[in-house]
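Participant: Got a sequence here, can you model it:
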Amino acid sequence: MSTFWSGWVMFLIVLNLGITLFLFVLSLRLQIPTQADGTTGHVWAHGVLREGVRKLPLWWVMFSIAMFLIGFGYLALYPGFGAFKGTLGWTSADELRQDTLTNDAKLESVLQPMRAQTIAALSVDPGAVSMGDRLYQDNCAACHGTTAQGNTVVGAPNLTDGDWLYGGDTETILASILEGRGGVMPGWEGALGRDGVSEVASYVLSLGGVKAPPDWVAAGKTRFETMCIACHGADGRGNPTLGAPNLTDARWLYGGDFASVTQSIRHGRSGIMPPWRHRLSKDQARVIAAWVYAKSQRERAGGG
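Facilitator: Next up is the predicted model:
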């Protein structure tokens with residue numbers, strides 16, 4: 001804190017405490033003139049109400065004195081009076097550091113036994129899954145949703161349906177969390193034209209069982225086999241190496257209606273999941289991966 005700001009803070013404290021203390025002492029010593037009946041002579045409501053004068057209650061006086069003593073004591077013991085550090089030498093930074101060390105020690109005692117377990121084993125450990133849930137809610141729910149069912153507005157995939165862009169084994173899930181992912185689909189309007197976009201969209205939707213005009217589907221299939229199979233494969237089932245989604249399963253990152261699919265083909269999509277290595281430790285990422293893996297396995301076992 002600079003000398004100016006330190007002096008300014010000290011001035012404000014002295015001014016406020018000084019005025020408050022002055023008014024408190026004045027209230028004890030000030031003698032208000034009264035009439036014979038003990039009132040000031042001020043009347044209201046046509047003489048029905050009269051202003052009386054009474055001494056301040058003892059409890060209020062003692063309470064006020066205690067508050068002044070506590071205030072002065074605080075300024076002597078702790079930082080607050082300008083740049084004065086306080087006689088105890090306490091700082092919020094030191095307290096935070098100590099609390100962090102204490103919390104890290106507690107966390108280490110919980111995570112240490114988990115390091116010897118695989119992520120698959122952790123996915124059936126109630127303690128690990130509970131911790132993974134809490135960490136997921138703190139770090140991942142903003143995009144993927146509190147129930148991990150994704151968000152088509154931002155292109156965040158559903159993590160519970162067993163359908164994976166880059167693979168759903170435990171190590172791949174962990175790599176996605178720690179290293180992040182980046183997927184880009186270019187826009188094809190220039191190469192396909194307006195009709196071509198509609199035709200390819202019709203063919204793509206037909207792969208998932210959506211009915212479309214047969215002539216559009218046939219024309220779209222020809223265009224798809226020319227321009228799209230390099231990423232999505234000849235059968236449209238995607239490529240986890242590239243993060244190209246499966247187009248046959250009716251699960252969509254940005255929505256599966258005709259308008260959304262044509263938008264994706266016409267203008268392309270760019271989806272980025274940032275790496276979390278700098279925010280999460282590997283141990284924390286592993287329990288999140290365990291929680292996600294458990295959610296997907298339950299969905300798969302339930303036939304979802």
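Participant: For this structure, just list every one of the helices.
Facilitator: Taking DSSP state H, the helices of the chain run over residues 3-29, 58-77, 92-111, 119-122, 126-139, 141-144, 170-179, 189-207, 214-227, 229-232, 258-267, 282-301.
Participant: quick one, the last one and helix 170-179 angle?
Facilitator: With axes from the mean of the first three to the mean of the last three CA atoms, to 10 degrees as the basis, helix 282-301 and helix 170-179 are set at 130 degrees to each other.
Participant: The longest one too?
Facilitator: With the same axes, to 10 degrees as the criterion, the two stretches helix 3-29 and helix 170-179 enclose an angle of 90 degrees.
Participant: which of the helices of the chain sits most buried?
Facilitator: Mean neighbour count (mean count of other CB atoms under 10 Å) peaks for helix 282-301 among these, with a mean of 21. Where you see a C-beta, it was placed from the backbone N, CA and C, and this is true even at glycine.
Participant: Report all helices and strands that it contacts.
Facilitator: helix 92-111, helix 119-122, helix 126-139, helix 170-179 (3 or more CB pairs under 8 Å, 6 or more residues apart in numbering; DSSP states H and E).
Participant: In JSON lines: those helices, plus mean pLDDT.
Facilitator: Formatted as JSON lines, these follow (pLDDT from 0 to 100):
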{"stretch": "helix 92-111", "mean pLDDT": "93"}
{"stretch": "helix 119-122", "mean pLDDT": "96"}
{"stretch": "helix 126-139", "mean pLDDT": "96"}
{"stretch": "helix 170-179", "mean pLDDT": "96"}
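Participant: Out of those helices, which gets nearest to Asp163?
Facilitator: Closest to Asp163 of these, according to CB to CB: helix 170-179, at 13.0 Å.
Participant: Return the distance of the closest one from the chain's centre.
Facilitator: Averaging C-alpha positions (CA atoms, centre = their mean, to the nearest Å) puts helix 170-179 20 Å from its chain's average.
Participant: Pull the residues that contact that helix.
Facilitator: With contact meaning CB atoms under 8 Å, 6 or more residues apart in numbering, helix 170-179 is reached by 118-120, 123, 164, 166, 240, 273, 275-277, 280, 282, 285-286, 288-290, 292-293.
Participant: and with 7 Å instead?
Facilitator: 118-120, 166, 273, 275-277, 282, 285-286, 288-289, 292-293 (CB atoms under 7 Å, 6 or more residues apart in numbering).
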